[in-house]
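1. please find the sequence and the predicted model below.
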Amino acid sequence: MKTVTLRDVVADDVPIFFSHQADSLSTQMAQVAPRDEATYLAYWARLLADETAGKRTILVDGTVAGLVISFDRDGVRELGYWLGREFWGQGVAGAAVKQYLALEHLRPLFAIVAEHNVASRRILERCGFREASTNGDVLRYRLPPGR
């Protein structure tokens, strides 16, 4: 059994995160366009400086596997996560999100997921999120207060 842990993000993690988000299958599953390296590094520089944003690196047996973040957008708190493809299908994201929810206490908490990303939808549902709205092929999930 692999050990999934979270720790604070350090600058050396960001190039690994960049490579994960540059993977074409990952961006297709998340239904987002990849960022070029300069844009991605600037985004993370802002995120690392933002004390209101939650950010944790996901480790699998000590290896950087991805990230979990929470941030304010359009007046609501959102959760996001991203794993390197080599860690998909192993229960890593579900374990990481569950651990993160114990750290992030702001509710309600929302998450956006592509409708075709069934695995990510299941992760959210297992963690207590419920579908709140649909905008085309993007679903918005909500974790209510008390969860």
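-> Sure thing, it's come through. Numbers count the residues shown, from 1 in each chain.
2. need the longest strand for the protein.
-> If each strand of the chain is counted by residues according to DSSP state E, the longest one is strand 63-73.
3. work out the gap between it and the centre of the chain.
-> On the basis of Cα atoms, centre = their mean, to the nearest Å, strand 63-73 sits 5 Å off its chain's mean C-alpha point.
4. sheet partners, orientation included, of that strand?
-> With DSSP bridges as the criterion, the sheet partners recorded for strand 63-73 are strand 54-60 (antiparallel), strand 76-83 (antiparallel).
5. now do it: everything it contacts.
-> Outside of strand 63-73, the residues within contact range by Cβ atoms under 8 Å, 6 or more residues apart in numbering are 4, 6, 9, 13, 16-17, 20, 47, 50, 52-59, 77-84, 87, 92-93, 96-97, 100, 104, 106, 109. Yep, even glycine has a C-beta here, placed from its N, CA and C like the rest.
6. ok, stretch 79-97 next?
-> Applying Cβ under 8 Å, 6+ apart, the external contacts of stretch 79-97 come out as 2, 4, 6, 16-17, 19-21, 23, 25-26, 30, 56, 58, 60, 64-71, 100, 104, 109-112, 119-120, 123-124, 126-127, 143.
7. can you give me the strands for the protein?
-> Counting by DSSP E, one finds strands in the chain at the ranges 4-8, 54-60, 63-73, 76-83, 109-114, 130-135, 138-143.
8. ok, now which ones touch the closest residue to L48 other than its chain neighbours?
-> On the basis of Cβ to Cβ, 6 or more residues apart in numbering, the spatially nearest residue to L48 that is not a chain neighbour turns out to be V9, at 6.7 Å. By Cβ under 8 Å, 6+ apart, V9 lies in contact with 48, 55-57, 67.
9. highest neighbour count among these?
-> By neighbour count, taken as other Cβ atoms under 10 Å, the most surrounded of the contacts of V9 turns out to be L67 (26 neighbours).
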